[in-house]
Structures are given as C-alpha cells and as structure tokens.
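Undergrad: here are the coordinates; sequence isn't available:
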C-alpha cells in the first residue's frame, strides 16, 4: 500500500509539473546567491525528473550549456600560467597543422582570438557531430566554416567551434583527454562533483542529473539507470571504445563549449573563485592577473563590429545580447546604444556567462565591486517570453534579480 501511494504521489507530481510546463512555467528553477565567503541564499523549485517526481535541489548536476566555456577558460589559464600555452601564439604550433582563414592566410589565429570569438570561424559547417575516431580538422575545409568577409581579430561572432579547437591545443600539449584534464586542472582541486559529458562522473552522480525538457518531454540527461552507455558521438554501428581517442584529434568529443554537468552550488563556488581573484576556500587555483585577463573585454560592440546574438538560437532580440566579451566571459550592462545586455536592470557591469541549450537557460554572474554573485538555471524555459528590459528572456531576468521583496 505504501509503495502504491508513492507511485500515485509521483504520478500526481508529474502531472502537476507537466501542467505548469504547458502553461509556460519552467519544470525546475534554481537560484543561488553568494558572496566571497559562501552561499547567502538558495531557492530551488520544481522537479529534477518529472517521471519520478524527484524534486530539484541546488546540489543536482545539470548541463549548464555555455557557462562551460568559462570553466574551460579557467583550465586554459592554468596551462598558460604553467607555460604550456601562450594566449598570443599561433595555435597552429600546438595543433600540429596550420589553422588559417582561407581568405586571410597571413593572419595567425591565436587562443586569445578563439576564446573571445574573434577567430572568423562560424558554426555553419557544424561542430559537435564529428564522431569518435574522425578528425575535427575536416570541418574547416568547408567554406561555411569561415566568415567570408572579416579577417581574424576584426569582428565578433559567437562560435561554439572555437572551443573544440582550444581543447585540441590543450590535449596536444598535455597528452591528456579533455574531460580528465579538466578534472585535474579545475574540478578536483576545487572538490567539485562535476564532469564534462558524464564519462568521468560516477554512476551515483549521474542518477541525480537534472533532466532537460522541451514541452515537458525529456531531451537530455534522463539518467535514471546511471551514466549513459556512451558519453561521446560515435558513428552508427560503431563501438564506444574510448581507447580510440587521440590527443588533439577531435576536441568536440566532451563538449567543452556546453557539456559541463555541475550543480548550482558548484557554479557558485566557481563564482566565488572569480570574486576572490583565483582563490576559494583556501585553494589558490589562478593568479589574480589571470582572472583579470579573463574578465577584461577583448571586444566591445560599437554598433557594427560584431554579430550580437548566438546564431544557433536565432536573432529574435530587438537589442544586442552580446556587447562586451573577454576570454570566455561576458560583461553586462554595456553603455552603448542598442545593447540589451542587462538582465538585472540596474546598470551594474557584472561579469560571467550565460547558457541556452535544450530548453535550459542559465547564468553565472559576479559583481566584483560589491563582492556578490548569483548562479541560476531553469529547465523547459525555451518558451519563456522576451525580457521586459533586456535581450535576455523573462525567466532569466527574474532569476538574475531574484524574487521581489515581500
């Protein structure tokens, strides 16, 4: 009888959450506010898994989408500090082959240009579906992979493909697989129960995954049985033997551009690391100068020098979403006509990154002047209305600024 009641409760919870989702409300939303010393407020509402009625918590791992780029950049800066990478060196020296825009063959492409989306690459030729055992380099032979008008360093165009190339340089200089490398450089030192594309997480962590939904239908991380059988893309009929991995062959395998699974509390720890100039809870991960370099805008919108939205998700904003960008870090509230990059609505120049994929919207933002920050996400939020005062969605504006005072 008790078991039956549990099943009935789960079914009712699933129905209630499905009705909320169909009414335009997220399936789940989590917001964690923090300062330099720790978490100061947490709000978690909704379901991590509709099918079981499992409630969301701030410790549940979720695919945070493009916030992954910021965390990948922390790994890059650790290798820069170790002298293994140079932000301004021709990345061809690391890749072992020449990366050049076919129309601008004399212009080197550097890690700095890739991390700040000024490489002149585009996502039009694809970037994530190259299977295990095939080189990503082949994508670059497609003319659609390149912005045909702008030379590297002259124009901003948000491009996910940049980050698999960054990853390939990281792998070549260390001979380590990206997901394991990021565990060594960032996740384990910070004692974060997190991973890129599940392979290096344990089964128990995977079963606590936040399921991603569109219209209440699961689209990612429905992990009730544990880790996915294969964490990477493979050809139809091919096995998933990761012994076939080769350093620097295919940097998209573990999704450095969007595949980080981490909790909201874990993101808050990353935010505190940034607030404290590279140190958190007694752990020094980066020098303050490295954090400053990540945050400093490499590009600022002047009305014509960039594509100010992510082309994968469309250009439906009437204001610019991207207006300042550093080394995988956005700066908000840019005082330039046409910019809508202020979801908080208070004109404070916070730094961090947004995320938008598979129905999830996410954000990690810190205000260095006040020593405060916020990490948030919402699932099944792809249908959220446009924001009231920014190019962000309404749910992002709500989660950024927090609930109204009683």
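TA: It's in. From a predicted model like this one, the values you see are computed outputs, not experimental measurements. Numbers count the residues shown, from 1 in each chain.
Undergrad: neighbours around residue 344, how many?
TA: 21 (other C-beta atoms under 10 Å). C-beta here means a position set from N, CA and C on the backbone, and glycine is covered the same way.
Undergrad: So it, which state does it fall into?
TA: Under DSSP: H, G, I helix; E, B strand; the rest coil, residue 344 falls in the coil class.
Undergrad: how close does it sit to residue 396?
TA: 10 Å (C-beta to C-beta, to the nearest Å).
Undergrad: just residue 130 next, same as before
TA: Taken as C-beta to C-beta, the span from residue 130 to residue 396 is 31 Å.
Undergrad: So between these two, which is more surrounded?
TA: Set side by side, residue 130 and residue 396 show more neighbours around residue 396, with 25 against 21, by other C-beta under 10 Å.
Undergrad: Quick check: phi and psi on the more buried one?
TA: Dihedral pair for residue 396: phi -70, psi -40, per degrees, to the nearest 10.
Undergrad: check contacts around it.
TA: Contacts for residue 396 (C-beta atoms under 8 Å, 6 or more residues apart in numbering) come out as 343, 354, 361, 363, 376, 378, 384, 387.
Undergrad: any idea how far it lies from residue 29?
TA: Residue 396 is 10 Å from residue 29, by C-beta to C-beta.
Undergrad: for residue 193, same thing?
TA: For residue 193 relative to residue 29 (C-beta to C-beta), the value is 21 Å.
Undergrad: One more: residue 381?
TA: Taken as C-beta to C-beta, the span from residue 381 to residue 29 is 8 Å.
Undergrad: A strand includes residue 219, no?
TA: Yes - under three-state DSSP, residue 219 falls within a strand.
Undergrad: So residue 328 is in contact with residue 295, correct?
TA: No - in this structure residue 328 lies outside contact range of residue 295 using C-beta atoms under 8 Å: 10.1 Å.
Undergrad: Who has more neighbours out of those two?
TA: residue 328 (27 against 18).
Undergrad: The more buried one - nearest residue in space that isn't next to it in sequence?
TA: Nearest residue to residue 328, sequence neighbours excluded (C-beta to C-beta, 6 or more residues apart in numbering): residue 73, at 3.6 Å.
Undergrad: List the residues that contact that neighbour.
TA: 115, 294, 327-329.
Undergrad: Kindly recompute the last result at 7 Å.
TA: For residue 73, the contacting residues are 115, 294, 327-328, by C-beta atoms under 7 Å, 6 or more residues apart in numbering.
Undergrad: now do residue 391
TA: Contacts of residue 391 by C-beta under 7 Å, 6+ apart are 317, 319-321, 340-341.
Undergrad: Residue 362 too?
TA: With C-beta under 7 Å, 6+ apart, residue 362 has these contacts: 64-65, 67, 354-355, 376-377.
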